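[1] What shape does this take:
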Amino acid sequence: MTSQFFSDQDRANVEAWLKGRVDGVSQIRSVSKFPGGQSNPTFLIETDGPKLVLRRKPPGQLLKSAHAVDREFRVQRALANSDVPVSRVHALCQDESVIGADFYVMDYVEGRNFDLPNLPDQSPETRFAIIDEMNRVLAALHEVDIEACGLADYGPEGNYYRRQLDRWTKQYRSSQTADIAPMEALMAWLDANVPDELGQRRLVHGDYRIDNMLFHGTESRCLAVLDWELSTIGHPYADLGAVLMQWAMPVGPEGRGLAGVDRKALGLPSDAEFVDAYCRRRGLAGIDNLGFYVAFAFFRMAAILQGVLKRALEGNASNPERAKLVGSYVPLYAEGGLKAAGEI
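    Prediction:
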C-alpha cells in the first residue's frame, strides 16, 4: 500500500522497527488506514503475531503542541492498571528517519464503536446501560490519582480555563480563514467569565464522547477509551461540559447530538440525570456555573474544527473532503456556545 501517510517504504521501515519491540512480530502482513478521525492518521497493522494499531503525526506544517502522539502514548501507559480502560501501548518512535514523523504502536482492541449517542438499533435498556457506563468511566477518569500514576507534571499548574482559553484562542487565530462574528462574541464572553477554580486538578481526556470509546461485543462494558491527543491535567468539568455540548447538537452523522430526541422514550438520560449520576459517583454535591463549562466546550470544538478546515485547505487533512465539511460548522458551534452562555 502507498498513500500520503504510509508508503511501501514506511511499511518496510516499521516492520524492521517492530522486531524486538513487540513480542511475536517479525513480519507485517497488511496495513490499512482507519477511515475516521481528522487529526492523527491511524492504521491497523496486521502482523504474523498480534494485530496492532499505529498512530502517527500527519505530514506538513503543524501547529505548536498539536498532534502530540508522545502524550497519547504516555497517558495510556500510565493508565494501564487503572479503572479507566485503555489499549495497551507497546513502543513510541520519535526517530523521524523511520516514517518521517513520530508514531506509537498499541494493541488492536476488538469491540463495538458507536458513532451516534442516540445509539440506533439498541434497546432502551441497552442504551441506558451504555451511557451509564460512559458516565462511570468519566467519573473514574476524574478520580485517577495523578501523583500515583506519574502524571502530576502532565499539565502545568494554574487556572486551567484561563490557560485553555488563551491556548485555543491562539490556535484559532493561527488557523483562521474568515471573520466569524459569533466566534468573536463567544471568545469575549468566555474571557470575561473565567471561573475561579476550587482545586480540582485532575486528568482530563479532552475529547470525551461516545465515538471515542470501544465497548464489549455483547455487554455494556467499555474496553478502551481512545484518542488521548488533547488530554492534560486540568479541570474535570471540561470533559463533562464536552459531553453536554455534543448532545446539544443536531441528531445525525454530522451533528452527532441528541437535540430534539425524546430521551426518556429511548432510555437515554437527560443532561441533569447524567450530571447527577456523575456527581454521585464522585461524591459531589452538585456543579455550579455549568453553562460556562458547556460554552467553553463549544468554543474549543469550534477552534479545533477551524484547524481541521485549515489543514484541508492546505492539503494536509487525514480525510480532506470530510475535513472541509466539518470545518464549515465553526459558526454553528460558536452560536451553540453563546446559547449555553445565555447570550442569545
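
[2] Distance from the chain centre to the helix or strand in which Leu223 is found, please.
    In the assignment (DSSP states H and E), Leu223 maps to strand 222-225. Here strand 222-225 is found 13 Å from its chain centre; the criterion is Cα atoms, centre = their mean, to the nearest Å.

[3] Give me the contacts around that strand.
    Residues outside strand 222-225 that contact it (Cβ atoms under 8 Å, 6 or more residues apart in numbering) are 84-87, 109, 111, 133-134, 137, 141, 205, 208, 212-216. Heads up, the C-betas are built off the backbone N, CA and C, glycines and all.

[4] mind giving me the domain ranges of this structure?
    Here the domain parsing of the chain from automatic domain parsing is 8-107, 124-340.

[5] Nearest residue to Asp239 in space, please, no chain neighbours.
    Nearest residue to Asp239 in three dimensions, chain neighbours excluded: Tyr208, at 4.3 Å (Cβ to Cβ, 6 or more residues apart in numbering).

[6] distance of that neighbour from Asn135?
    For Tyr208, the distance to Asn135 equals 11 Å [Cβ to Cβ, to the nearest Å].

[7] if you count what's nearby, which of the two comes out ahead?
    Remark: of Tyr208 and Asn135, Tyr208 carries more neighbours, 24 against 21, as counted by other Cβ atoms under 10 Å.

[8] quick one on the thing from earlier: let me know the next secondary structure element after the strand holding Leu223.
    Next helix or strand after strand 222-225 toward the C-terminus (DSSP H and E): strand 232-234.

[9] quick one: secondary structure of Asn40?
    Three-state call for Asn40 (DSSP: H, G, I helix; E, B strand; the rest coil): coil.

[10] Count the neighbours of it for me.
    23.

[11] Tell me, please, where in the stretch 1-150 of the chain the pLDDT is lower than the cut-off.
    Scanning the stretch 1-150 of the chain for pLDDT under 70 picks out 1-4, 36-38, 60-67.

[12] Can you report phi and psi for the residue nearest the centre of the chain?
    Of all residues in the chain, the one closest to the mean position by Cα atoms, centre = their mean is Asp207, 2.8 Å from it. For Asp207, the backbone dihedrals (degrees, to the nearest 10) come out as phi -150, psi 50.

[13] wait, isn't it in contact with Ala242?
    Yes: counting by Cβ atoms under 8 Å, Asp207 touches Ala242, with 7.1 Å between them.

[14] circling back: among the domains of the chain, which comes closest to Asp115?
    Among the domains of the chain, domain 124-340 comes nearest to Asp115, with 5.1 Å by Cβ to Cβ.

[15] what are the ranges of the strands in the stretch 151-300 of the chain?
    Under the criterion DSSP state E, counting those that start in this stretch, the stretch 151-300 of the chain contains strands at 202-204, 213-215, 222-225, 232-234.

[16] right, so those: which one is the most enclosed?
    strand 202-204 (a mean of 26; mean count of other Cβ atoms under 10 Å).

[17] Need the domains of the chain in TSV (columns: distance to Pro117).
    Shown next, in TSV, are the domains of the chain (distance: least, Cβ to Cβ, whole Å):
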stretch	distance to Pro117
domain 8-107	16
domain 124-340	5
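
[18] mind checking which of these is nearest Asn118?
    Among the domains of the chain, domain 124-340 sits nearest to Asn118 (Cβ to Cβ), with 5.7 Å.

[19] Now do the closest one: distance to the chain's middle.
    Averaging C-alpha positions (Cα atoms, centre = their mean) puts domain 124-340 8 Å from its chain's average.

[20] now stretch 93-111
    18 Å.

[21] list the buried ones in it?
    Within stretch 93-111, the residues scored as buried using 16 or more other Cβ atoms under 10 Å are Cys93, Val98, Ile99, Ala101, Asp102, Phe103, Tyr104, Val105, Met106, Asp107, Val109, Gly111.

[22] Good, we can wrap up now.
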